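Student: okay, sequence plus prediction incoming.
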Amino acid sequence: MDRTVKRCREVRLHAYPDGMIQPRNLSIVETALPEAGPNDLVVRNRWFRISISTRLMANPDAQAVEGIPFPALKPGDALADGAIGEVVACPTGSGFEIGALVSHPLGWRDYAVVDAGRCMALDRGPIEPAAYLGHGWTAYAALTRGIRVRTGDTVFVSSGAGAIGSMAGQIARRLGASRVIGSTSSQAKADWMTGDLGYDAVILRDRGLIADQLRAAAPEGVDVFVDMVGGEQLAAATQAASEGARFVLLGALTAELNVAGASIVAPVQLDSFQLILKDVTLRGYSADRDHAEAFPDWIAWQRKAGLHFACSKVAGLENAPRALRDACEGRLKGLVMVEL
Ligand SMILES: NC(=O)c1ccc[n+]([C@@H]2O[C@H](COP(=O)([O-])OP(=O)(O)OC[C@H]3O[C@@H](n4cnc5c(N)ncnc54)[C@H](OP(=O)(O)O)[C@@H]3O)[C@@H](O)[C@H]2O)c1
C-alpha cells in the first residue's frame, strides 16, 4: 500500500437544511485518510457527480431506501455519490492496477478508501466521464428495459433538461421516436433543448397549464412518458396519453425539490378512467435496482450513438456545495459534475 497520502478533504453535512439546501449546510473538512483495509483501494478522485437526491438524504427524517444509492445523512456525515478516480494504492492480487481509472460510490472527497468490491475498472485510454457518472445509463435502461420505445412514438420527458432528461430525449430519438417533447422552467433552457438536445417542442412549467401545453405539443397523443417530476406533469400526461401508452416513472421532483422541504411523499391526482380506457401501462423503475447487469450494454451502445453529453462542469471541491444548491434551484443543466 502507498503510505504517502495521509490526509484528504471531504464534504460533510454540517446542519440539516431548512427549505432549500445552502452551502452553509455543508462543510469542507480536512481529515486523516482512513486506514486502508486488506481489500481496500486508495483512489485519487478526478470527477464526481452531484445529484439532487442528496437534498432528500439531508432531511432529518431521511431513510435509506432500496434502489436509491445514497446514504441517509446526519450532521457530521460525509456526503457520497458516484465518482471516477485513479488508483494510487491497491492490495496485491486485487485485480486492480496503480494508475488505472475506476468508478466507485465515494465522491464528495479528493481521496477515497474504498472496498475493491465496490469499484469497477474503466477502459484504458481516454474516457467520457459523463458516460459512467451521468444518468444516460438510467435513461437508456428505462427506455430499452423499463418500457420500450417503438418507431414513430411521441415521447414526453419531464425535466427534459436535467441529468436524466437531457439524455432521455436524445436516446428516445435514436431508439426510433419521431417526436420528442420535454419540459423545463425557462425559455433559455427550452432554446438549448431544441438547439442542442434535439427536442421538437418544449413545455414551460409555471407558464400556464401543463395539460394545455402538452395537448398543443402532442395533438396525436403521448405514446411514451419518461417522468422525473410527478404531480401536474404526470396528471397531464395521463390526459394526453394515446391508446396503449407506456409511462416509466423514475423520479418525483415535485416532492424532492419542494421549496417548503424535500419529501419522499409525492401525491398526485390521476384520472384513472383515462388509464383504463386507453390501456396505459405505468411502471415505477430504478435502473440500478432492476437492470444493473445491463450497464455494459449501455457503455457499448453510447459509443456508437453520437450522444451529446450535456454537462455542467464545476472545478474544485470548494465549489461543490454551491453547485448542489444551484442544481436543486434549477440553475444548471444536464449532469452536474465536479472536476478535481
Ligand atoms: N429511477 C432511477 O433509476 C433514478 C436514478 C437517478 C435519479 N432518479 C430520480 O430521477 C429524478 C431526476 O433526477 P435527475 O438527477 O435527472 O434530476 P434533474 O432533472 O437534473 O433535477 C434538477 C432539475 O429539476 C428541475 N426542478 C427543480 N425544482 C423543480 C420542481 N419543483 N418541480 C419540477 N422540476 C423541478 C429543474 O429543472 P428545470 O429548470 O429544467 O425545470 C432542475 O434543474 C429525481 O427524482 C431522482 O431522484 C431516478
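Tutor: Structure's in. What do you need?
Student: what helix or strand does the residue in the stretch 101-250 of the chain positioned nearest to the ligand sit in?
Tutor: Using Cβ to the nearest ligand atom, the single residue of the stretch 101-250 of the chain nearest to the ligand is G162, 2.0 Å away. Every C-beta, even on glycine, is put in place using the N, C-alpha and C of the backbone. For G162, there is no enclosing helix or strand under DSSP states H and E.
Student: tell me how many other residues crowd the residue nearest to it when sequence neighbours are not counted.
Tutor: With sequence-adjacent residues excluded and distances taken as Cβ to Cβ, 6 or more residues apart in numbering, G162 is closest to M228, at 6.1 Å. By the criterion of other Cβ atoms under 10 Å, M228 has 26 neighbours.
Student: for M228, give me its contacts.
Tutor: If a contact means Cβ atoms under 8 Å, 6 or more residues apart in numbering, then M228 has V157, S158, S159, G162, I164, G165, L250, G251, A252, L253 as its contacts.
Student: near the ligand, which residues of this structure show up?
Tutor: 51-53, 135, 138, 159, 161-165, 184-185, 189, 205, 228-229, 250-254, 256-257, 285-288, 327, 330 (Cβ under 6 Å from any ligand atom).
Student: just the residues you listed: which are in helices?
Tutor: Within those, residues falling in helices by DSSP state H are S53, T138, G165, K189, L253, T254, E256, A287, D288, A327.
Student: buried ones only from the residues you listed, please, as a PyMOL command.
Tutor: For the buried members of these, the matching PyMOL selection, counting by 16 or more other Cβ atoms under 10 Å, is:
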select buried, resi 53+138+165+189+253+254+256+287+327
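Student: identify the farthest-apart pair in the ones in helices among the residues of the chain next to the ligand.
Tutor: Distance extremes for those: the farthest pair is K189 and D288 at 26.8 Å, using Cβ to Cβ.
Student: and the strand ranked longest in the chain, which strands flank it?
Tutor: Using DSSP state E to define each element, the chain has its longest strand at strand 40-50. Strands that pair with strand 40-50, judged by DSSP bridges, come out as strand 83-89 (antiparallel), strand 111-115 (antiparallel), strand 335-339 (antiparallel).
Student: could the ones you listed go into TSV alongside mean pLDDT?
Tutor: TSV is the format used below for these (pLDDT from 0 to 100):
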stretch	mean pLDDT
strand 83-89	97
strand 111-115	97
strand 335-339	98
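Student: R150: which of the ones you listed is closest?
Tutor: strand 335-339 (27.2 Å).
Student: state the mean pLDDT of the longest strand of the chain.
Tutor: In this model, strand 40-50 has a mean pLDDT of 98.
Student: send the alpha carbons of that strand over as PDB?
Tutor: Provided in PDB are the C-alpha atoms of strand 40-50 (Å, rounded to 0.1, in the frame of the first residue of the first chain):
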ATOM      1  CA  ASP A  40      -9.400  -1.600   0.000                       C
ATOM      2  CA  LEU A  41      -8.200   0.600  -2.800                       C
ATOM      3  CA  VAL A  42      -6.900   4.100  -2.300                       C
ATOM      4  CA  VAL A  43      -8.300   6.300  -5.100                       C
ATOM      5  CA  ARG A  44      -7.500   9.900  -6.000                       C
ATOM      6  CA  ASN A  45     -10.800  11.200  -7.300                       C
ATOM      7  CA  ARG A  46     -10.800  13.100 -10.600                       C
ATOM      8  CA  TRP A  47     -14.500  13.600 -11.200                       C
ATOM      9  CA  PHE A  48     -17.600  13.100  -9.100                       C
ATOM     10  CA  ARG A  49     -21.300  13.600  -9.700                       C
ATOM     11  CA  ILE A  50     -23.600  15.900  -7.800                       C
END
